[in-house]
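*Asks:* My questions concern the predicted model and sequence given below.
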Amino acid sequence: MEKLIKSIGSFDPHLIKNDFPIFRRKVNGKPLIYLDNAATTQKPESVINCIDNYYRNHNSNIHRGVHTLSYESTVMYEEAHKKVADFIGAKDWKEIIFTRNATESINLLAYGWGLHRLNEGDEVLITIMEHHSNIVPWQMLRDLKGINIKVLGIDEKGNLKLDELPGLLSEKTKLVSVIHASNVLGTVNPIKHITQEAKKVGALVLIDAAQSAPHLPINVVDIGCDFLVASGHKMMGPTGIGFIYGRQELLEDMEPFMYGGDMIEKVTLAESTWNELPWKFEAGTPNIAGGIGLGAAVDYLENIGLQNIYDHEEELLTYALEKMSEFDWINVYGHKSDSESVGVISFNVDGVHPHDVAGMLDEQGIAVRSGHHCAQPLMHDLSMDYTARVSFYLYNSKEEIDLCIETLKKVKKLFE
C-alpha cells in the first residue's frame, strides 16, 4: 500500500478501503460507512490472514517446548514485541509488556507500582479529560492507600489549563497520568511539555495513548515519559491485546501484577523468583495470536505511514467541521481553537437525543457512537450527559461525511 500511495501521489481512502473485508458488506441495505473508529477500528486483510495463518500453521504454546511449533510461535510472539517497541521508539523491546488492552495496562501500573510505592498523602495528578480507565484505578488506590487525586481542568475552548499545572504539582506528586488525545473532544494534549513540568518535581509520567497511537507518530524517548499504554483493537489489531511501555529500570523494580506460569524464574514451596522482562508481567499463556496480530497491524500502519494517516484525518476533520458549522442546530464540543486535534467530533442535534441520532444514521448504514464515551466527569464539566460522536480513520472519505450530514438534516427535519 505504501508503494501504491507513492505511485498515485496522494492518499486515497477508496483504495485503502479495499484492504478491509468488512466494507464489502451492507448494513440495512446500504454500504457500510464506519465512523466509530474511536471505539474500535476495522481490521485489514493482512491482520486477519496473519491470525489465520498462525492458527493453521504454527499454533503452539510459547517458551515451553523445544519442538518446531513452539519455537516458531515463540519467535513470532517475541517479534511482535519488537515491532511495537520500534513503533513507539522504545530503546529495548523488553520494555513492552503485552496486556489485554490499555485498561489492563493502567491497572498493571496501579497494582504493580502504585500499591507498593504510594503512601498516604502522596498525590496522583490526572485531567478532567480522562477516560474512566485512567480515573478508577487511582480511586482504588485512594481508598486503599489514602492517596490524593488532583485534577487539571479545561478552558472554554476544550484545552487543558496549562497555566494551572505548576500550581498542582509539588513534591507530593508521585505520578502524572494524562490522556494524549481526548476521545470526546479530539484535543491532542502537549504531553512533552506536561512531562517536562512533572519531572521538575520528580514525578513519574504515564501517557494514555489509546486514542493517539493509531493516528500520529509517537516517540517515548523524545516525550520523556516513564510509561505509555495503548489498545491494539484501536489500531487495527485484534481485540484482547494491548501493551504498556515502561522504562526498563522502573519495570525491573516493580512488583508483578499477576502471578503464575511463565512469569517465574524459580519456584520452591518456600519462595519464588521472577522471570526477566517482559515475561515477568505476562503470567500464564498469553494471547499469542493477538500479539502476533498486533504486530501485523503495526506493519500495516508503518507501511501506510502515521504522518500520512494524521494528515488525511486532519483534512477530514477540517471538512466535517466546516460542514457542521453551516447548521446552527448542530452543537459541536471542542475544536474552538487552533490546537492540535485528532479526527474526533462530539456533537448534539438540537431537540434530538444522541441515541436517536445514532439510530437513524444506522438506518442509512452509518455507524457512529452515542453516549458518555466512558468520560462522565468530562461530560459533567461540559454540562451534559451524552453526545453523538463521529471519529475518522484512514479508510474514511469526504463523500462519507457528506452522506452523514445529509442524514443529519433528515433527522432534524423528522424531529421538528
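*Replies:* Happy to help now that I have it.
*Asks:* Now do the strands in the stretch 1-150 of the chain.
*Replies:* In the stretch 1-150 of the chain, the strands defined using DSSP state E, counting those that start in this stretch lie at 26-27, 30-31, 33-34, 96-99, 123-127, 148-152.
*Asks:* so can I have JSON lines of these showing distance to residue 160?
*Replies:* Any C-beta I mention is one placed from the backbone N, CA and C, and that applies to glycine too. Shown next, in JSON lines, are the strands of the stretch 1-150 of the chain (distance: least, C-beta to C-beta, whole Å):
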{"stretch": "strand 26-27", "distance to residue 160": "37"}
{"stretch": "strand 30-31", "distance to residue 160": "39"}
{"stretch": "strand 33-34", "distance to residue 160": "30"}
{"stretch": "strand 96-99", "distance to residue 160": "27"}
{"stretch": "strand 123-127", "distance to residue 160": "6"}
{"stretch": "strand 148-152", "distance to residue 160": "6"}
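*Asks:* Reformat the ones you listed as CSV; add mean neighbour count and mean pLDDT.
*Replies:* Formatted as CSV, the strands of the stretch 1-150 of the chain follow (neighbours: other C-beta atoms under 10 Å; pLDDT from 0 to 100):
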stretch, mean neighbour count, mean pLDDT
strand 26-27, 12, 96
strand 30-31, 14, 96
strand 33-34, 23, 98
strand 96-99, 26, 98
strand 123-127, 24, 98
strand 148-152, 16, 98
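*Asks:* wait, which of the ones you listed is closest to residue 399?
*Replies:* Of all the strands of the stretch 1-150 of the chain, strand 33-34 sits nearest to residue 399, with 9.0 Å by C-beta to C-beta.
*Asks:* Run the chain-centre distance for the closest one.
*Replies:* For strand 33-34, the distance from its own C-alpha centre to the chain's C-alpha centre is 20 Å (C-alpha atoms, centre = their mean, to the nearest Å).
*Asks:* sorry, back to before: of the strands of the stretch 1-150 of the chain, which is nearest residue 320?
*Replies:* strand 33-34 (12.7 Å).
*Asks:* Return the set of buried residues in stretch 38-46.
*Replies:* 38-44, 46 (16 or more other C-beta atoms under 10 Å).
*Asks:* Equivalent analysis for stretch 291-310, please.
*Replies:* Buried, per 16+ other C-beta under 10 Å, within stretch 291-310: 291-301, 304-306, 308-310.
*Asks:* by contact count, what packs against whichever strand or helix holds residue 388?
*Replies:* Here residue 388 sits within strand 387-391, counting by DSSP states H and E. Helices and strands touching strand 387-391, as assessed by 3 or more C-beta pairs under 8 Å, 6 or more residues apart in numbering; DSSP states H and E, comprise strand 344-349, helix 354-363, strand 369-371.
*Asks:* Okay, and which of the buried residues of stretch 291-310 map to helices?
*Replies:* 291-301, 304, 306, 308-310 (DSSP state H).
*Asks:* which one of those sits closest to residue 393?
*Replies:* Checking those one by one against residue 393 (C-beta to C-beta), the nearest turns out to be residue 309, at 7.6 Å.
*Asks:* List the contacts of the closest one.
*Replies:* 214-216, 301, 393-394 (C-beta atoms under 8 Å, 6 or more residues apart in numbering).
*Asks:* Same list, those, but as a markdown table with pLDDT and distance to residue 355 please.
*Replies:* Formatted as a markdown table, the contacts of residue 309 follow (pLDDT from 0 to 100; distance: C-beta to C-beta, whole Å):
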| residue | pLDDT | distance to residue 355 |
| --- | --- | --- |
| 214 | 97 | 26 |
| 215 | 97 | 26 |
| 216 | 96 | 31 |
| 301 | 97 | 32 |
| 393 | 98 | 23 |
| 394 | 97 | 28 |
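*Asks:* Make JSON lines out of those and add secondary structure.
*Replies:* Output for those, formatted as JSON lines (DSSP: H, G, I helix; E, B strand; the rest coil):
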{"residue": "214", "secondary structure": "coil"}
{"residue": "215", "secondary structure": "coil"}
{"residue": "216", "secondary structure": "coil"}
{"residue": "301", "secondary structure": "helix"}
{"residue": "393", "secondary structure": "coil"}
{"residue": "394", "secondary structure": "coil"}
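*Asks:* out of the residues you listed, which one sits closest to residue 68?
*Replies:* Using C-beta to C-beta, those come closest to residue 68 at residue 301, 30.3 Å.
*Asks:* Confirm for me that that closest one is in contact with residue 237.
*Replies:* No: Residue 301 lies out of contact with residue 237 (C-beta atoms under 8 Å); the separation is 9.4 Å.
*Asks:* Please parse this structure into its domains.
*Replies:* With domains defined by automatic domain parsing, the chain comprises 2-43+306-415, 49-303.
*Asks:* Brilliant, that's me finished.
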